[in-house]
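Asks: how does the following fold in three dimensions:
(one chain, ligands or ions: 2)
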Amino acid sequence: MFAGAASTHGAAVAGNPAALLQVDGVSLEYRTPERVVRATHRVSFELHEADRFVLLGPSGCGKSTLLKAIGGFIAPVEGEIRLDGRAVTAPGPDRIVVFQEFDQLPPWKTVRQNVMFPLLASRTLGRKEAAERALHYLDKVGLAPFADVHPHQLSGGMKQRVAIARALAMQPRVLLMDEPFAALDALTRRKMQEELLELWSEVRFTLLFVTHSIEEALVVGNRIALLSPHPGRMRAEINSHGFTLESQGGAEFQAAAQRIHRLLFDEPVAQGVAR
Ligand SMILES: Nc1ncnc2c1ncn2[C@@H]1O[C@H](COP(=O)(O)OP(=O)(O)OP(=O)(O)O)[C@@H](O)[C@H]1O
Ligand SMILES: [Mg+2]
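Replies: Residues are numbered from 1 along each chain as shown. Ligands and ions are numbered 1, 2, ... in the order given. Okay, the predicted model is just below:
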């Protein structure tokens with residue numbers, strides 16, 4: 001499926017006309033000869049244009065598996081995933097994933113070549129246009145001066161910026177990020193969160209961001225889906241657009257973080273039991 005441009009602005013939508021991505025009653029399983037592992041159970045949520053939607057849940061609750069399914073790498077055993085109203089059945093350039101690992105960039109390609117590669121491989125652009133677009137997005141993440149170096153000459157944070165530029169250069173319908181900052185030190189992580197939000201203000205891409213950090217979820221997201229421990233089920237959806245990096249540490253932020261903690265771990269909250 002190389003129809004990058006064709007699939008970018010589809011209008012045919014089933015169900016909620018505003019929804020860009022619909023995850024509808026999705027159960028996901030891994031099957032080995034010995035056993036079947038259910039990773040998620042009937043998970044439903046919707047992303048709208050320019051959402052910063054966060055999937056938050058404990059280790060093993062199926063967050064990465066959900067991203068793989070939205071990426072089109074595994075098929076639901078129950079339910080359906082729709083992008084612009086069309087069922088997702090295979091990977092495509094309209095959904096790009098940024099992973100946690102620093103080694104997601106082929107080391108033999110320069111930074112610019114790394115960003116150009118998916119544009120060329122998907123035949124989205126010719127060489128000249130791909131080079132221009134690569135530089136444009138490298139500039140957005142502050143790495144234009146490093147276009148001609150190789151990944152081993154970059155810090156972990158810089159490598160993640162390249163991976164983000166590479167993903168955004170494809171102008172996907174939805175950018176999928178799987179704990180992209182989890183392997184960074186605390187200061188770099190905070191800086192990357194700040195930069196991601198700046199980038200979002202500028203480009204207004206649609207983001208589906210996975211984390212198991214409550215604080216990161218509150219800072220990065222405008223909406224947060226809470227998943228229960230294994231197998232992941234939707235526990236609650238929280239509106240978090242009011243929180244920024246600046247509000248971190250404040251009383252309201254702390255209260256929201258505590259509420260999420262209770263919801264995630266099913267502890268009673270002050271007024272009754274929230275579910
Ligand atoms: N390839 C696989 N084969 C079998 N089971 C798997 C496979 N990958 C994941 N699982 C299982 O599926 C469940 C969900 O895994 P997943 O990686 O999606 O969790 P996660 O929420 O991303 O966790 P983490 O926060 O640790 O990254 C886990 O119980 C895991 O053991
Ligand atoms: Mg994971």
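
Asks: right, and Val23 touches Val43 too?
Replies: Yes. The criterion here is CB atoms under 8 Å, and Val23 meets it with Val43 at 6.0 Å. All C-beta atoms are positioned from the backbone trio N, CA, C, and that covers glycine.

Asks: any common contacting residues for those two?
Replies: By the contact definition CB atoms under 8 Å, 6 or more residues apart in numbering, Val23 and Val43 are jointly contacted by Leu66, Gly79.

Asks: who has more neighbours out of these two?
Replies: More neighbours surround Val43 than the other of Val23 and Val43, with 29 against 25 (other CB atoms under 10 Å).

Asks: so that one lies in a strand, does it not?
Replies: Yes. Assignment of Val43 by DSSP: H, G, I helix; E, B strand; the rest coil places it within a strand.

Asks: list the contacts of it.
Replies: Val43 touches Val23, Gly25, Val26, Ser27, Gly62, Leu66, Gly79, Leu227, Gly232, Arg233, Met234, counting by CB under 8 Å, 6+ apart.

Asks: hang on, the third one in a helix?
Replies: No. Looking at Val26 with three-state DSSP, it is strand, so not inside a helix.

Asks: how much space separates it from ligand 1?
Replies: For Val26, the distance to ligand 1 equals 12 Å [CB to the nearest ligand atom, to the nearest Å].

Asks: which element, helix or strand, includes Leu187?
Replies: helix 186-203 (DSSP states H and E).

Asks: can you pull the buried residues of that helix?
Replies: Of all the residues in helix 186-203, those buried under the rule 16 or more other CB atoms under 10 Å are Thr188, Arg189, Arg190, Met192, Gln193, Glu195, Leu196, Leu197, Leu199, Trp200.
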